[in-house]
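**Q** Model the structure of this input:
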Amino acid sequence: MNVILYTIIIAVQSSSNISKMTQEISENYGKVHSQAIKYLGLRAHTVFELRTKLMRKKFDKRDVEEVLEDLLDRKYLDDADFARMFAQNLIKYRSFGYYGIKMKLKMRGIDGKLAEDILSEELDMDSEKKIALRALGKSRTKTGMALAAMLNRKGFRSQVISSMVGDYSDE
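**A** A predicted model of the protein is given here:
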């Protein structure tokens, strides 16, 4: 009789503790989810970026990972879409070459293979040469070596640099 009563008391206490733990998890999950949605409302993020921001807020790693998984399932987060959009914007509005854009994607947490795949679709050699011309047009430097160094810093491929600097070395 005492064993049965003791078992019932433990079962009641355990279910009470489980419901408290479930309530705490759902409250923490809600806070993490709410913060993630706020971040995504401002701009698109990669999984890496969002994880980093949420962890900086001192949220529990388990809650953060659950929220990220949920956002991935709902297609609120998509690294491939983000990388494609980000690369297209850099190509259109900035003066970075293939390796410069690849590095910027990697800094955002995009896998190197995914970055290469997207860049092979979005940035051919002719497009990169046009971007290099745009960068050279903004440059005040006129010597071939300085122009080559500038293009190299911006991540242009060596073929692009040699073709561009060859055009400017005659001046």
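**Q** Which residue ranges of the protein form helices?
**A** Using DSSP state H, the helices of the chain run over 2-42, 47-56, 61-73, 79-93, 98-107, 112-122, 125-138, 144-153, 158-168.
**Q** Next, the buried residues of the last one.
**A** Across helix 158-168, burial judged by 16 or more other CB atoms under 10 Å covers 160-161, 164-165, 168. From N, CA and C alone the C-beta is placed, and that goes for glycine too.
**Q** would CSV of those with distance to residue 59 and pLDDT be doable?
**A** Shown next, in CSV, are these (distance: CB to CB, whole Å; pLDDT from 0 to 100):
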residue, distance to residue 59, pLDDT
160, 44, 96
161, 45, 95
164, 47, 88
165, 50, 84
168, 52, 56
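**Q** can you put those in TSV and add distance to residue 54?
**A** What follows is those, written out as TSV (distance: CB to CB, whole Å):
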residue	distance to residue 54
160	39
161	40
164	43
165	45
168	47
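**Q** Looking at those residues, which one is closest to residue 114?
**A** When the buried residues of helix 158-168 are compared for distance to residue 114 (CB to CB), residue 160 wins out at 22.4 Å.
**Q** What residues of stretch 108-127 count as buried?
**A** The neighbour-count check on stretch 108-127 (16+ other CB under 10 Å) flags 108-110, 115, 118-119, 122-123 as buried.
**Q** I meant stretch 84-103, not that one.
**A** 84, 86-87, 90-91, 95-98, 100-102.
**Q** Among these, which pair sits farthest apart?
**A** Greatest spatial distance among those (CB to CB): 84 and 95, at 19.6 Å.
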